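pasting the sequence and the predicted model now:
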Amino acid sequence: MNSKKLAAEKAVEFIEDGMTVGLGTGSTAYWAIQKIGERIKEGLSIQAAASSVGSEDLAKQLGIPLIPLANLDLIDITIDGADEVDNNLNLIKGGGGALLREKIIASNSKKFIVIIDESKQVDQLGRFRLSVEIVPFASNLTINKLRELECDPQVRSLNNKPYITDNGNLIIDCDFGKIPNPEALNGQINLIPGVVENGLFIQMASLVVVGFNDGAVKAYPGQSART
Ligand SMILES: O=C(CO)[C@H](O)[C@H](O)COP(=O)(O)O
C-alpha cells in the first residue's frame, strides 16, 4: 500500500473549481500533483503556484495551469509534504531544499494541508536535521552563528558540490537533537543575519492527512484551521 499516495489523494479531494492551489515539493507532493493533473483532465478548472522548479516542471508536463508567481495574491489551498510532524502539528520541512518557497506559499494560503505517511509522525521534533537556507555571502560567518546554537551545522552537498537552492542560496542541515520549544528556536535562527529561512513550520497546518501502511487514512485538524 502506498501510504504517501493515499494521503495525497485524500487531500486533493478538498480542491474545488476556481481555486488557486499551492503545489508542494517532494515524493509525497508528487502524488498530489499527479492527482490534480488527473482531475484537470476530467474538467477541474484551477490555477496553481509551484513551490519549486521541480514541481513547476511536473505541473507543466501534466497540463496544470500555472499562475505567474509575481501575480500571486491569496492562495486557497496548499498541499505539501513534511519531514516530521509533532503532536501539536508543528512541522520540520526542507528535506527537498524547497523550504523558503514552501513557507512563503503555505503562509499565504487559506488552507494548508500537510500530507505524510505514518513514519513522519513524532512526539517531539528533532529526529530529522533541520534545514536552514542561508545566503552564500560570507557563508562561514553565518554557519559560525548557527554553530553557537550547538547544532553541528553541515553544508548540504550534491554531487560533491554545495547544493544550491532554487533561490541561489545554500542549505545548512543542523542537528539540534530533540527540539522542546520549536517556536523559540524558529525565532533564534531567523534572527541570525545571513539566514533566509528555516524549516520549522509552527502552527501553520490547517489539516494533516496521514496515510498508513495498512491502507487507512486519518486527518487531524490544526490550530490554524480556518474552515
Ligand atoms: O519539505 C520538503 C521539501 O523541501 C518536503 O515536503 C519534505 O522533505 C518531505 O518530502 P517527501 O514527501 O519526499 O518525504
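Yep, it's here.

run the chain-centre distance for the longest helix anywhere in the chain.
Using DSSP state H, we find that the single longest helix of the chain is helix 27-41. Distance, stretch centre to chain centre, for helix 27-41: 16 Å (CA atoms, centre = their mean, to the nearest Å).

buried set for that helix?
Going by neighbour count (16 or more other CB atoms under 10 Å), the buried part of helix 27-41 is Thr28, Ala29, Tyr30, Trp31, Ala32, Ile33, Gln34, Lys35, Ile36, Gly37, Arg39, Ile40. Any C-beta I mention is one placed from the backbone N, CA and C, and that applies to glycine too.

next SSE downstream of that helix?
Scanning forward in sequence from helix 27-41 by DSSP states H and E, the next helix or strand is strand 47-50.

the following helix or strand past that following strand packs against which elements?
Following strand 47-50 in sequence order, the next helix or strand is helix 53-61 (DSSP H and E). Helices and strands touching helix 53-61, as assessed by 3 or more CB pairs under 8 Å, 6 or more residues apart in numbering; DSSP states H and E, comprise strand 20-23, helix 27-41, strand 47-50.

Leu130 and Cys174 touch, don't they?
Yes. Using CB atoms under 8 Å, Leu130 is in contact with Cys174, at 4.8 Å.

secondary structure element holding Ile77?
Assigned by DSSP H and E, Ile77 falls in strand 75-80.

that older thread, wait, which of the buried residues of helix 27-41 is closest to Asp17?
Nearest to Asp17 out of the buried residues of helix 27-41 is Arg39 (CB to CB; 9.9 Å).

tell me the predicted confidence for the closest one.
Listed pLDDT for Arg39 reads 98.

ok, now how distant is it from Ser45?
10 Å (CB to CB, to the nearest Å).

please apply the same query to Pro153.
Look at Pro153 and Ser45: by CB to CB, they are 45 Å apart.

give me the more crowded residue out of those two.
Neighbours were counted for Pro153 and for Ser45 using other CB atoms under 10 Å; Pro153 has more, 21 against 11.

ok, that one touching Ile171?
No. Taking contacts as CB under 8 Å, Pro153 lies outside contact range of Ile171: 10.3 Å.

who in the chain is up against the ligand?
Remark: the part of the chain in contact with the ligand comprises 24-29, 80-83, 93-99, 102, using CB under 6 Å from any ligand atom.

can you give me the helices for this protein?
Using DSSP H, helices in the chain cover 3-12, 27-41, 53-61, 99-107, 139-147, 182-190.

between these, which one is closest to Ser157.
helix 139-147 (13.0 Å).

beta partners for the residue nearest to Glu84 when sequence neighbours are not counted?
Of all residues not flanking Glu84 in the chain, Ile92 sits nearest, at 4.2 Å (CB to CB, 6 or more residues apart in numbering). With DSSP bridges applied, Ile92 shows beta-bridge pairing to Glu84, Leu200.

so who does Ile92 touch?
Taking CB atoms under 8 Å, 6 or more residues apart in numbering, we find Ile92 in contact with Ala82, Asp83, Glu84, Leu125, Gly126, Phe128, Leu130, Ser131, Gly199, Leu200, Phe201.

so which of the residues you listed wins on neighbours?
Most crowded among those, counting by other CB under 10 Å, is Gly199 at 30 neighbours.
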